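# Here is the input, now give the coordinates:
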Amino acid sequence: MQIKVAEHAGFCFGVRQAVDKVYELSGEGAARPIFTLGPIIHNERVVDDLKKRGVLVADEVEDVPEDGLVVIRSHGVGESVIKKLESKKITYENATCPFVKKIHETVRKMSEAGQEIVIIGSGEHPEVKGILGWSKNGGTVIETHEQARMFCPDDPSNQVCVVAQTTFNSKKFKEFVEILEKKEYNLNVVNTICRATKERQEEAALLSAQCDGMIVIGGADSSNSRKLYEICKQQCENTFFIQTADAIEDITFDGFAALGITAGASTPNTLIQEVLEACQRK
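The predicted model follows:
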């Protein structure tokens with residue numbers, strides 16, 4: 001069986017930057033307790049390893065003591081969270097992905113200019129919640145075709161700024177924008193899906209079309225990994241979503257001439273290698 005590993009599998013730039021920052025701060029002799037607002041990434045192995053190094057996960061700013069050091073994860077947070085940290089004089093390191101920061105700035109500027117904000121993405125995802133937190137006049141989240149069809153601006157004559165969660169399915173983003181355009185609203189569309197996500201999704205689609213089976217590695221709560229699974233499943237019926245190499249034992253590769261492997265942006269390269277080796281032993 002031929003095994004093909006996607007070139008763009010594993011940590012993206014933003015995730016690597018955030019994870020490296022936490023490891024750097026949590027080294028020997030850390031002067032103060034270190035917290036992340038939510039898991040630094042959606043990968044249990046990395047979160048557990050950091051916990052062993054003394055890094056704790058806080059759900060809210062109120063959970064952080066005054067002497068704590070907070071690392072803001074790559075997903076980013078709303079402006080109110082930053083202000084709350086500063087008002088409480090809690091030291092923080094902002095490891096928000098640079099691409100997400102650009103969305104924050106776009107949403108802030110456009111909403112201040114009076115534009116209505118629409119975010120195409122998952123309303124429950126921390127990145128989307130953070131983006132909403134930079135709009136001066138609220139906003140609407142669209143994650144289904146039905147929601148796109150039902151959307152109507154508060155003022156149809158007003159300009160609507162449309163942005164996207166960086167890890168959203170690029171094909172669906174285009175479909176949702178087309179639905180909105182047919183309504184002839186005054187749209188200002190800013191495609192903020194990051195290049196790494198677009199490359200990862202396009203490669204996953206091509207690879208899964210060439211293989212008899214696909215393995216997608218990602219954390220249970222990883223939105224971008226789930227989207228890779230959806231893309232691969234459309235091309236290859238035998239697509240499996242796994243979190244660890246142990247799961248390979250439960251998968252049968254009988255009759256597969258080619259097996260593809262890809263992984264979400266929060267999957268460490270060490271885990272990808274473990275899965276590859278487990279597949280090679282089957």
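# Helices along the stretch 101-250 of the chain, start to end?
Along the stretch 101-250 of the chain, counting by DSSP state H, counting those that start in this stretch, helices occupy 126-132, 145-150, 170-182, 195-210, 223-235.
# Name the residues of the fourth one that are buried.
Under the neighbour-count criterion of 16 or more other C-beta atoms under 10 Å, helix 195-210 has 196, 197, 198, 200, 201, 203, 204, 205, 207, 208 buried. Where you see a C-beta, it was placed from the backbone N, CA and C, and this is true even at glycine.
# Compile those residues into a markdown table and extend it with columns for pLDDT and distance to residue 153.
A markdown table is the format used below for the buried residues of helix 195-210 (pLDDT from 0 to 100; distance: C-beta to C-beta, whole Å):
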| residue | pLDDT | distance to residue 153 |
| --- | --- | --- |
| 196 | 88 | 31 |
| 197 | 89 | 27 |
| 198 | 89 | 28 |
| 200 | 92 | 32 |
| 201 | 93 | 29 |
| 203 | 96 | 36 |
| 204 | 96 | 34 |
| 205 | 96 | 33 |
| 207 | 97 | 40 |
| 208 | 97 | 38 |
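# will you turn these into a markdown table that also has distance to residue 58?
Below are the buried residues of helix 195-210 laid out as a markdown table (distance: C-beta to C-beta, whole Å):
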| residue | distance to residue 58 |
| --- | --- |
| 196 | 28 |
| 197 | 27 |
| 198 | 32 |
| 200 | 30 |
| 201 | 32 |
| 203 | 35 |
| 204 | 33 |
| 205 | 38 |
| 207 | 38 |
| 208 | 38 |
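# and stretch 191-211, how far from the chain's centre?
On the basis of C-alpha atoms, centre = their mean, to the nearest Å, stretch 191-211 sits 14 Å off its chain's mean C-alpha point.
# same deal with stretch 122-134?
With C-alpha atoms, centre = their mean, you get 11 Å for stretch 122-134.
# same check, this time on stretch 15-24
15 Å.
# Mind listing what's buried along that stretch?
In stretch 15-24, residues buried by neighbour count (16+ other C-beta under 10 Å) are 15, 16, 18, 19, 21, 22.
# Nearest approach to residue 42 belongs to which of the helices of the stretch 101-250 of the chain?
Evaluated over the helices of the stretch 101-250 of the chain, closeness to residue 42 peaks at helix 223-235, with 7.6 Å, by C-beta to C-beta.
# now for the closest one, which elements pack on it?
Secondary-structure packing of helix 223-235 (3 or more C-beta pairs under 8 Å, 6 or more residues apart in numbering; DSSP states H and E): helix 195-210, strand 213-217, strand 239-242, strand 258-263.
# now that helix: mean pLDDT?
Computed over helix 223-235, the mean pLDDT rounds to 94.
# what do you get for stretch 99-110?
For stretch 99-110, the per-residue pLDDT values average out at 98.
# For it, output the C-alpha coordinates as PDB.
Taking C-alpha atoms only, stretch 99-110 is exported to PDB below (Å, rounded to 0.1, in the frame of the first residue of the first chain):
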ATOM      1  CA  PHE A  99      -4.200  36.900  10.000                       C
ATOM      2  CA  VAL A 100      -6.900  37.000  12.800                       C
ATOM      3  CA  LYS A 101      -5.500  40.300  14.000                       C
ATOM      4  CA  LYS A 102      -6.100  41.700  10.500                       C
ATOM      5  CA  ILE A 103      -9.700  40.600  10.700                       C
ATOM      6  CA  HIS A 104     -10.100  42.400  14.100                       C
ATOM      7  CA  GLU A 105      -8.700  45.600  12.500                       C
ATOM      8  CA  THR A 106     -11.000  45.300   9.500                       C
ATOM      9  CA  VAL A 107     -14.100  44.700  11.600                       C
ATOM     10  CA  ARG A 108     -13.200  47.500  13.900                       C
ATOM     11  CA  LYS A 109     -12.600  50.000  11.100                       C
ATOM     12  CA  MET A 110     -15.600  49.000   9.000                       C
END
